[in-house]
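Chemist: Let's see this in three dimensions:
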Amino acid sequence: MDDLDGAHPDCVYDAPMALDPDLSQTDGLDPAFARARHKRLLYDFKKCIIGPLPVDAFMKRAVGKMFSGTDERMRLSATNAFRSVPRTADTVEQILEPLLLALNRRTKHKSRCPGFVFENTARRSTHPTRPGFAKPHISCLTRRNVEAVRRLDHHSRSELGYAELFIQVTADATRDFFTDPPPGLDAEHRAAFDFVTERPEREIKREVENAFALHIAFVTEVFARQHRNAYYSISMAGSRARLIRWDRAGCVVSEAFDIREHPEHLCNFLWRFSRTSDTLRGHDNTVRPATVEEELQFRDVVKEYVRSQLEVEGEALDRALSQHYCPGRAAVVEIYPHRQPPSRDNAWHFIISRPVVTPLLLVGRGTRGNWAVECTTSCLVFLKDTWHVLSEGTGTVEGDILGHLNTLGIRNVPTLFTHGDIPDYISNEGDNVLVWQATRTGNIAKKYEGCRIAGRVASIRDMQRYRLAVSTVGYGLSTIRGTEELLHATYDAFTAMRDALSKASLIHRDISLGNIILVKVPGQTVRRGYLIDWETSDPADDAGTAVHAGRAGTWYFMSARMLDIGQADSQQTFFDDMESLVHVITYCALLYLSHGLTKKDLLSTIQEYFEYAIKFSPEPAHGGAAKGLNAFSRVLIKEAEFGSNSLAEWLATMLQFQRPGLEVDRFEYGKLWTPEHVDKFWSEFLETRVLERDDRIVHDITKDGFREYSRLSTTPPVVPTPPLPTPPLKGKRYAANRDGDMPNPKRRRSLRVQEASGLHSAVIVSSRIVDGRRRSERIRSVQDRPQPREAGASSTRRSSSQPSSTAVQRRCPGTTGRGRGRARR
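Modeler: Numbering: from 1, shown residues only. Model prediction:
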């Protein structure tokens, strides 16, 4: 069986994830917020479940075809395969032990799942039952990856970067999240049956929901740590199992079956899973591991660009580079030009490493953003890997829009390099067969009438993978150095908005903090602002009103009118986008510039002004009252007492243009709220005022749940610590122990873990300093630190070098990367 080694060696495993603003740990996976994160995942996912499919139908529609000529003689008999697994148990371990033995049973020539091994990964967690620390009970790994996973440190979560599928177990057979309809129901009654029913027992309901929310969280993290189109998992309650297929559109769930009574169902699934292609198992076949030469090429190009943008050297440069480059973990991604017949000869190849944006929601666009280097020309680009709704005809995608804007000479928008939908299969010459990378859940839903989910009918739209490369590469607006850069960069974005309206009859509809980037232009002190992410833009009439109705954009920065419950289905206007830009500037001023608000008042302001939302199903969410009130009263400007008088003057004047007084209707703008008048005022203001250049102050706004919805930079990059020597990129590669390493097994394990962090410093995990020095030396190094951890701070939370109650003034070197903005509501 040596030739049956699971996945092809070109599959990419354990892809790096984006770092948090401090560049100290993986972004978005703080265990302190795990429960809130899981709760949101479950809420969002309930509308995207199809089921239950009969097991035979699941095999036919949701599992790929096996290789032709599969040798059935290598297959173990299913008879009594799982008889030793108890029907129900007191603990999960009572099920895991016999189940693992049965799954891994093999003879000299036969196996249950050839080429794969099943490992207990739950016991590899430091806290196996705590959200944020828990790992899947059983992970299916390729034989070549087993040792790599076994070498991982237990504080790592990279097991999910290698898992081909996982099995999650509930000991009690009555704790299944789903309820199958009675057999024999006609189509009408089956469609009315609720597959996810409310349980009257409050504690049991919470236990069952938490268990399935954890299951969804595992799948979400797998998609973040691997390059995937789809994924399979198995949910078990006692000895009853369900097969589940996941993609960016939702999931398909099988009927439950008892593996003791019907072992053939699970055995057939595992056999087919092992006998199909990597693509049909869900891997993205347009991504492959980079060679050593390609990785060095990427590192050198990115390092030079970071040096030119941030004007840093030495340790600061190495630290800034770590945001985009993880040694030993680079990959090559393909893009095929849009609306051209894809072939291996016309593909662009881009080298990537650590992303600046990692998708942390499963359903939807799943956008991953990387700095990337084109293999042939060594051009640096920003590569956006995303999913768009599958169009029946020839739909317009973001690259089409950018290309049109570039042709018209629109200022301050990214320059298109290439873009295109991604094929899943390219036929040989003459076959004339082309398959695109797309989700299948929606297509299955059309062919199979599923049950209701928690009282609702499933709402599923299939998605198609799409990649975009632009030549404009920069850092997020959250890295502003001061008032001068904030007002200049946002004026650049306003210029892009005006050009797009006047020359292309287009409005952006998603003006947000994450959609403005800063790029240093040679010869200029202040970085230029670029307006990015035009995928939600819409054609507009002469008055600047969008053709299509409905909200689009980021909740925090939507206009007060669009947040009103009575206006949610109205058409967005250019005036709304102008108001959104004022909200972006206000938000930046509150988070990154000097003002007189205490932490408590600042948190209250952010909640009332940006976060506030009310939801009464089935009505759309609404909010925005504080924004409307502030436009009339300017109360926020008065209470904030901004340190920059010029900024306060600018904000007050813009609000005066927007709402000159109570004589204006609450959803009407003042007569001076026009693109021409605002542009005249803004340009003259920048010419006649001396604005503060380096007055950045970062305010602590950490609270439970805040980062779950924003994932925005709230702290400047910390002072870098001295780097350790980078291991040479040659010889045999070893699997990552933590996020960002290439350990040498001959080195002491603790030193390998230290090097694995990619941060060139001791890693604080569970109140331990993990490095290779003696204990006395580690204690002295902690005592000598100039900025100790805050008193009472949890060791599992993100370390921060600024006090929690006061703002600390620092000059920002601008090493925090661009973001996509908040998840759209």
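Chemist: and T79, how far is that from T396?
Modeler: 56 Å (CB to CB, to the nearest Å). No exception for glycine: its C-beta is placed from N, CA and C like everyone else's.
Chemist: same question but for P54, I mixed them up
Modeler: Distance, P54 to T396, by CB to CB: 40 Å.
Chemist: Repeat that for D153.
Modeler: Taking CB to CB, one finds D153 at 47 Å from T396.
Chemist: between these two, who's got more neighbours?
Modeler: Using other CB atoms under 10 Å, the more surrounded residue of D153 and T396 is D153, with 21 against 13.
Chemist: what does the model give the more buried one for pLDDT?
Modeler: On the pLDDT scale, D153 is placed at 93.
Chemist: which SS class is it?
Modeler: coil (DSSP: H, G, I helix; E, B strand; the rest coil).
Chemist: if I look at it, how far off is P181?
Modeler: Note on D153: its distance to P181, by CB to CB, is 45 Å.
Chemist: which residues touch V92?
Modeler: V92 makes contacts with 122, 137, 169-171, as judged by CB atoms under 8 Å, 6 or more residues apart in numbering.
Chemist: Just the ones of the residues you listed in strands?
Modeler: Judged by DSSP state E, those include 169-170 as members of strands.
Chemist: Show me which of the contacts of V92 is closest to R344.
Modeler: The nearest member of these to R344, counting by CB to CB, is H137 at 40.8 Å.
Chemist: show me what contacts the closest one?
Modeler: Contacts of H137 by CB under 8 Å, 6+ apart are 92, 96, 120-122, 166-169.
Chemist: Can you tell me which of these lies closest to E535?
Modeler: Using CB to CB, these come closest to E535 at F166, 32.4 Å.
Chemist: Can you tell me the closest non-neighbouring residue to the closest one?
Modeler: Leaving aside its sequence neighbours, F166 sits nearest to P136 (CB to CB, 6 or more residues apart in numbering; 3.7 Å).
Chemist: cool, and K503?
Modeler: Leaving aside its chain neighbours, K503 sits nearest to L408 (4.7 Å; criterion: CB to CB, 6+ apart).
Chemist: tally of neighbours for that neighbour?
Modeler: 14.
Chemist: List the residues that contact it.
Modeler: Neighbouring residues of L408 by CB under 8 Å, 6+ apart: 499, 503-504.
Chemist: Narrow these to just the buried residues.
Modeler: Buried subset of the contacts of L408 (neighbour count, 16 or more other CB atoms under 10 Å): 499, 504.
Chemist: Out of the contacts of L408, flag the one nearest to G250.
Modeler: Among these, and counting by CB to CB, the member closest to G250 is A504, at 34.9 Å.
Chemist: Can you tell me the closest non-neighbouring residue to that closest one?
Modeler: Leaving aside its chain neighbours, A504 sits nearest to L408 (5.5 Å; criterion: CB to CB, 6+ apart).
Chemist: mind checking the backbone torsions on that neighbour?
Modeler: phi -80, psi -10 (degrees, to the nearest 10).
Chemist: That one and S274, how far apart?
Modeler: Separation of L408 from S274 (CB to CB): 53 Å.
Chemist: One more: R344?
Modeler: Distance of R344 to S274, computed by CB to CB: 28 Å.
Chemist: next one: Q572
Modeler: Taken as CB to CB, the span from Q572 to S274 is 50 Å.
Chemist: One more: Q226?
Modeler: Distance of Q226 to S274, given as CB to CB: 18 Å.
Chemist: max-length helix in the protein?
Modeler: Ranked by residue count and defined by DSSP state H, the top helix of the chain is helix 202-225.
Chemist: Dump the C-alpha coordinates for that helix into CSV.
Modeler: Included here for helix 202-225 are C-alpha records, laid out as CSV according to Å, rounded to 0.1, in the frame of the first residue of the first chain:
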residue,chain,number,x,y,z
ARG,A,202,-32.9,25.0,28.0
GLU,A,203,-29.7,23.3,29.1
ILE,A,204,-30.0,20.5,26.5
LYS,A,205,-30.8,23.1,23.8
ARG,A,206,-27.7,25.1,24.6
GLU,A,207,-25.5,22.0,24.8
VAL,A,208,-26.6,20.8,21.4
GLU,A,209,-26.3,24.2,19.7
ASN,A,210,-22.8,24.8,21.2
ALA,A,211,-21.7,21.4,19.9
PHE,A,212,-22.8,22.0,16.3
ALA,A,213,-21.5,25.6,16.5
LEU,A,214,-18.1,24.2,17.4
HIS,A,215,-18.4,21.8,14.4
ILE,A,216,-19.1,24.8,12.1
ALA,A,217,-16.1,26.7,13.6
PHE,A,218,-13.8,23.8,12.9
VAL,A,219,-14.9,23.7,9.2
THR,A,220,-14.5,27.5,9.0
GLU,A,221,-10.9,27.2,10.3
VAL,A,222,-10.1,24.4,7.9
PHE,A,223,-11.1,26.7,5.0
ALA,A,224,-8.9,29.4,6.4
ARG,A,225,-5.9,27.1,6.8
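Chemist: Pull the residues that contact it.
Modeler: Here helix 202-225 has contacts from 14-15, 17, 29, 34, 37-39, 41-42, 45, 131, 134-136, 157-158, 160-161, 163, 166, 168, 170, 175-177, 198-199, 228, 231, 233, 235, 246, 248, 358-362, 366, using CB under 8 Å, 6+ apart.
Chemist: Filter those residues down to the buried ones.
Modeler: Neighbour counting by 16+ other CB under 10 Å classes 14-15, 17, 29, 34, 37-39, 41-42, 45, 131, 134-136, 157-158, 160-161, 163, 166, 168, 170, 175-177, 199, 228, 231, 233, 235, 246, 248, 358-362, 366 among the contacts of helix 202-225 as buried.
Chemist: Please name the residues that touch the nearest residue to E485 once chain neighbours are set aside.
Modeler: The spatially closest residue to E485, leaving aside those adjacent along the chain, is V526, at 5.3 Å (CB to CB, 6+ apart). Counting by CB under 8 Å, 6+ apart, V526 makes contact with 484-485, 488-489, 693.
Chemist: how far away is V526 from R693?
Modeler: V526 is 8 Å from R693, by CB to CB.
Chemist: Need the phi and psi values for T107.
Modeler: Main-chain torsions, T107, degrees, to the nearest 10: phi -120, psi -170.
Chemist: Look up how far Q656 lies from L691.
Modeler: From L691 to Q656 the distance is 20 Å (CB to CB).
Chemist: out of these two, which sits in the more crowded spot?
Modeler: For L691 and Q656, the more surrounded residue by other CB under 10 Å is L691, and the numbers stand at 19 against 15.
Chemist: any idea how far the more buried one is from L321?
Modeler: For L691 relative to L321 (CB to CB), the value is 31 Å.
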